[in-house]
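**Student:** Got a predicted structure plus its sequence, pasted below:
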Amino acid sequence: MHVRGRVRIDKKTKELVKRLKPGEIAVIDHRDIDEVAAQSLLACKVKAVINLSPSISGRYPNQGPMRLVKNGVLLIDADSRRLLHQLREGQEIEIKDCHILLNKHEIAQGTVLTLELITRRLEGTRDNYRRELAIFAENTLTHAARELDLLVKELDIPPLKTSFRGRHALVVVRGHNYRQDLQAVETYIREVNPVLIGVDGGADALLEARLVPDIIIGDMDSVSDRALRCGAELVVHAYPDGRAPGMKRLRELGLVGHILPSLGTSEDVAMLLAYQKGAELIVAVGTHSNVLDFMEKGRRGMASTLLTRMKIGPALVDAKGVSKLYCQRVKISYLAQIVVAALVPFTVIAVAAPEIFQLIRLLLMRFRLLFNF
């Protein structure tokens, strides 16, 4: 395989995709490429991906590499940190089979991940995954005992202009299949008009769907400047001790935000905020709710999420995967019924008016002559 293109380089995939252009080659340092990262690379129409870390380490069956390769992207693992020093943003390189060339000189070699190789490596993760699952469960229970305040205490929520009373809340996270699930609840959003909460990059997901978030909450590291400037109320998720690194970015943009210290992830805090402010129902899109989700996020447990979901209980509806639950298709029988229904009045008119009937006969004759049948 021979690929040529300009390179974009970043150790963080979520930062790289902000400037990656169609037809370019991404150079990343992403151990165990997750499905969300793969989808973001595909959305940029990337031509090839050079990964300086193992795309599949064997810890768990991450599906990102399979998604990339199935969509025609060349994926090559090149365990050579020298590439970061040898390449500059915007340079044009070539990839010939497993060889990476700059100005026709080889600067590195790698392993091309084919569908067959990816399948074998994923199959080899089974035993490791069992061990990782046991460790994950133990970490979850251990940390859950330490974070019981999420169940018992209420958040110190800053004064917000957005009212939740008598309304639903839609919490959007840019997680697996968020686009499809957000599209699946489009009618619900239009009819119910819930409070729209974007968790970091979830604010951009809402804007992509032509929806303007009412509140953006998170540490502000993966949300665009455009989203932050959309007019939503900004809530920076801070550490329990009050430290809020995300406020620095808001100040640099000349924006004002609230600080909300809490344990847990930003999506947990978003749900707890909606619950505590009196939302009648909380609908979650793209949130992380299972072991694979959290492993893909690099987390070793899900204590805060477990406690949060225990607390808000019946008020939560998880829309994750709803797009796969029911996919509306137009059946041939339905189309036939529509055609017949449309022909009925036309046929009645034709029978009642002989001139129209003769015109139809002439048109049919012309049609048969034109297509020779």
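**Tutor:** Okay, I see it. Bear in mind that the values here come from a model prediction, so they are computed numbers and not experimental data. Numbers count the residues shown, from 1 in each chain.

**Student:** for the stretch 1-150 of the chain, what spans make up the helices?
**Tutor:** If DSSP state H, counting those that start in this stretch is used as the criterion, the helices of the stretch 1-150 of the chain fall at 13-16, 35-43, 64-70, 82-86, 115-123, 126-146, 149-152.

**Student:** Pick the most deeply packed of those.
**Tutor:** Across these, averaging neighbours per residue (mean count of other CB atoms under 10 Å) puts helix 64-70 on top, at a mean of 22. For the C-beta atoms, the positions are set from N, CA and C on the backbone; glycine is no exception.

**Student:** For the stretch 201-350 of the chain, which segments count as helices?
**Tutor:** Assignment of helices within the stretch 201-350 of the chain using DSSP H, counting those that start in this stretch yields the ranges 202-208, 225-228, 246-252, 266-276, 291-296, 303-312, 322-325, 332-352.

**Student:** quick one, domains of this protein?
**Tutor:** Domain assignment for the chain by automatic domain parsing gives 2-123, 133-325, 332-371.

**Student:** Show the average pLDDT along the first one.
**Tutor:** Domain 2-123 shows a mean pLDDT of 91.

**Student:** again, but for the longest one
**Tutor:** With pLDDT averaged residue by residue, domain 133-325 scores 87.

**Student:** Please state the offset of that domain from the chain centre?
**Tutor:** The offset between the C-alpha centroid of domain 133-325 and the centroid of the whole chain comes to 14 Å, using CA atoms, centre = their mean, to the nearest Å.

**Student:** mind listing what's buried in the helix or strand hosting Gln180?
**Tutor:** Taking DSSP states H and E as the definition, one finds Gln180 inside helix 178-184. Neighbour-count burial for helix 178-184, counted by 16 or more other CB atoms under 10 Å, picks out Tyr178, Arg179, Asp181, Leu182, Ala184.

**Student:** Now for the first one: which residues touch it?
**Tutor:** Counting by CB atoms under 8 Å, 6 or more residues apart in numbering, Tyr178 touches Val172, Gly202, Ala205, Val285, Gly286.

**Student:** contacting residues around the longest strand seen in the chain?
**Tutor:** Scanning the chain for the strand with the most residues, using DSSP state E, yields strand 2-9. Counting by CB under 8 Å, 6+ apart, strand 2-9 makes contact with 16, 19-21, 23-27, 47-48, 50, 74, 84, 87-97, all of which sit outside it.
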